[in-house]
Each structure stands twice: as C-alpha cells, then as structure tokens.
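Asks: Got a predicted structure plus its sequence, pasted below:
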Amino acid sequence: MAFISGQARPDLDFYLRVLSAPPRPATISLAMTPSTALLPTGFRHVVTATSKDADGIAVVGAPVDFSVAENNPAVFNSLTDRHGQSQFSFVGNNAGVDTIRAAALAAGQSVLSNDTAVDINAFRFPLVR
C-alpha cells in the first residue's frame, strides 16, 4: 500500500510498482532469409537480416556485419533500416557451397544470425523460348 503524506493510497500501488519494477534485460534477435539457395555460377544472391527486440519491434540503425565463407569469400557492413532490415548481395563466381553469417550490435548486445547455405553450381539454367 502506498502512503503519501501519511495517507494510504491504494490507487497508487499499481503505478508505483510499475515505476519501481526492474528493467527487463534487452534481448535482440537477428534472423537471416532465405536460409538456403541454389544458384548457377555468376548469379547474384541477396540475403536479408532482420533485427528485432524482445517485444518484436524492429531495431533501427543497428550495425550488421555479413560474411561469406568457403568458395566466394566476402564481407559487407551496413545498418538496419526503419524495418530493422539490412540486405547483402554477392555474386558466386566459384562453384561450391558458401555459408553466409551475419552479426549485429544493438542495445549493447552482440548477436549472431542463423547461417544461410548457398549452393553454387557450374551449370546454367536452360533458356525457355
């Protein structure tokens, strides 16, 4: 029960409890799509990393670092937009499976995305006439 100037104020109990509640720890997520892709060599591949806070709200302006490992190594840095998204694209000139990862820093937390596997083959899609 809240007391103001010696008077009991039950109507203020909830308000004061909310104000004195400890803050929730920040939890940030980073999800990358698509999770897999199959492409011929020489084609551009685009991935999107989406960062959200614990309430599902987009994290705006978070720095995101993308990296491609294996056959077509590449790195790229960007910031999330107003939707919490950041995009990265690369051209796979070498056949093989590449792994794309993203890392973001937001609200003092560093978070890693899921991995994306891109299978790049030396074949070309047939042209349809």
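Replies: Structure's in. What do you need? Numbers count the residues shown, from 1 in each chain.

Asks: residue ranges with poor pLDDT in this structure?
Replies: Low-confidence segments of the chain (pLDDT under 70): 1-26, 123-129.

Asks: Next up, the contacts around residue 51.
Replies: Contacts for residue 51 (CB atoms under 8 Å, 6 or more residues apart in numbering) come out as 28-30, 58-59, 62, 64, 80, 84-86, 104, 106, 111. Heads up, the C-betas are built off the backbone N, CA and C, glycines and all.

Asks: hmm, try it at 6 Å
Replies: Residue 51 is in contact with 30, 59, 62, 80, 84, 104, 106, counting by CB atoms under 6 Å, 6 or more residues apart in numbering.

Asks: possible to save those residues as TSV with distance to residue 40, secondary structure and neighbour count?
Replies: Putting the contacts of residue 51 into TSV (distance: CB to CB, whole Å; DSSP: H, G, I helix; E, B strand; the rest coil; neighbours: other CB atoms under 10 Å) gives the following:
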residue	distance to residue 40	secondary structure	neighbour count
30	29	strand	25
59	35	coil	24
62	33	coil	23
80	30	coil	23
84	31	coil	25
104	30	strand	24
106	36	strand	22
